[in-house]
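Engineer: just coords:
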């Protein structure tokens, strides 16, 4: 639970957040189809004044076109047909792979993109309490030297690392190069030490399914971003970051994390905020979720307030019908209450139930000075 969650629970009488680290592990055991993996905070979502959006400025690591994979498979690789390699667009807020199935495992379509990676949930048709996710990192973002005592192997002729731990249940991580200098990881937690097996992870890695690059689409657009803040993580049909991946089946609409300064997209072994503690320092987050999913939800026919409802670390507003909530949460006081209200008042919603009305990331977020 983050600092702003503790403060708001103490000051507003709000219901507790939906997920804690322990809740995540327990939920994965109890409910086979609920997949959660990281420290999750509650979310909320929606409404505000009309907005005029302009193009977003995002970091642009070197664009890398796919190069051919070496022919043949190494002796320790599981026989499979490797698809063509992924592309790496200049705009990091772009999805470049799609969902796919390998036996009893299903990789869902990616939900989250950041300046360093994309994330997709992984589910399994079994009762072993699997919690798993796939992360595709941009070139230079993942640090293979950051893994503890991995076993070296290859996937499709490229370097790979396998880490097997028992820190939280039965924990495995397979990392492999999908392009020179660009890595992807499959991370799993299970109640069964042999499921998934290393061979299962290799099969999933070999089947990574490229797609035509598509921009992240958001159910809102903004007219105001506080000076110096840059978008870092976006969620489409999910809250931003691991929050969204953990609650992938909850029906949330979208979210965004902004930071000042934006963290360097390098040296990672896990997605943010896991790599930086409980939350990115100097950040604020936007949640757009159904009222029923919010940690500040309206209850029992309660009418939405006519102006944003705020504490020192949270501001909330709702659509006039009270069905959708937008929440701004600030990490370690990165934004004042007045600034949070200004952000909220500059947010305009698309139709949350109609993706055709949603906005590409580049037009949803204005240039910050």
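Structural biologist: Ah, there it is. This one's a predicted model, so the numbers in the text were calculated from it and none came from an experiment.
Engineer: pretty sure residue 135 contacts residue 245?
Structural biologist: No - counting by Cβ atoms under 8 Å, residue 135 stays clear of residue 245, with 9.4 Å between them. From N, CA and C alone the C-beta is placed, and that goes for glycine too.
Engineer: joint contacts of the two?
Structural biologist: Shared contacts of residue 135 and residue 245 (Cβ atoms under 8 Å, 6 or more residues apart in numbering): residue 119.
Engineer: hey, where'd the strands end up in the stretch 151-300 of the chain?
Structural biologist: 151-155, 158-165, 170-179, 182-190, 210-215, 217-218, 220-222, 230-236, 254-259, 283-290 (DSSP state E, counting those that start in this stretch).
Engineer: so what strands line up beside the helix or strand just after the last one?
Structural biologist: Tracing the chain C-terminally past strand 283-290 and defining elements by DSSP states H and E, one meets strand 309-310 next. Looking at strand 309-310 with DSSP bridges, its paired strands and their directions are strand 314-318 (antiparallel).
Engineer: what angle sits between the helix or strand just after the strand it pairs with and strand 254-259?
Structural biologist: The helix or strand immediately downstream of strand 314-318 is strand 324-330, counting by DSSP H and E. Relative orientation of strand 324-330 and strand 254-259, computed by axes from the mean of the first three to the mean of the last three Cα atoms, to 10 degrees: 10 degrees.
Engineer: chain center to stretch 104-114, what's the gap?
Structural biologist: Centroid separation for stretch 104-114 versus its chain: 10 Å, with Cα atoms, centre = their mean, to the nearest Å.
Engineer: identify each buried residue in that stretch, please.
Structural biologist: 105-114 (16 or more other Cβ atoms under 10 Å).
Engineer: same question, stretch 177-194
Structural biologist: 177-179, 182-191.
Engineer: and the residue nearest the centre of the chain?
Structural biologist: In the chain, the centroid-proximal residue (Cα atoms, centre = their mean) is residue 241; its distance is 2.7 Å.
Engineer: got a list of what that residue touches?
Structural biologist: Contacts of residue 241 (Cβ under 8 Å, 6+ apart): 112, 114, 233, 235, 255, 257, 271-273.
Engineer: could you dump the buried residues of stretch 177-194 to JSON lines with pLDDT and distance to residue 302?
Structural biologist: Converted to JSON lines, the buried residues of stretch 177-194 look like this (pLDDT from 0 to 100; distance: Cβ to Cβ, whole Å):
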{"residue": "177", "pLDDT": "97", "distance to residue 302": "53"}
{"residue": "178", "pLDDT": "96", "distance to residue 302": "49"}
{"residue": "179", "pLDDT": "94", "distance to residue 302": "51"}
{"residue": "182", "pLDDT": "97", "distance to residue 302": "49"}
{"residue": "183", "pLDDT": "98", "distance to residue 302": "48"}
{"residue": "184", "pLDDT": "98", "distance to residue 302": "45"}
{"residue": "185", "pLDDT": "98", "distance to residue 302": "43"}
{"residue": "186", "pLDDT": "98", "distance to residue 302": "43"}
{"residue": "187", "pLDDT": "96", "distance to residue 302": "40"}
{"residue": "188", "pLDDT": "94", "distance to residue 302": "41"}
{"residue": "189", "pLDDT": "92", "distance to residue 302": "38"}
{"residue": "190", "pLDDT": "90", "distance to residue 302": "41"}
{"residue": "191", "pLDDT": "87", "distance to residue 302": "40"}
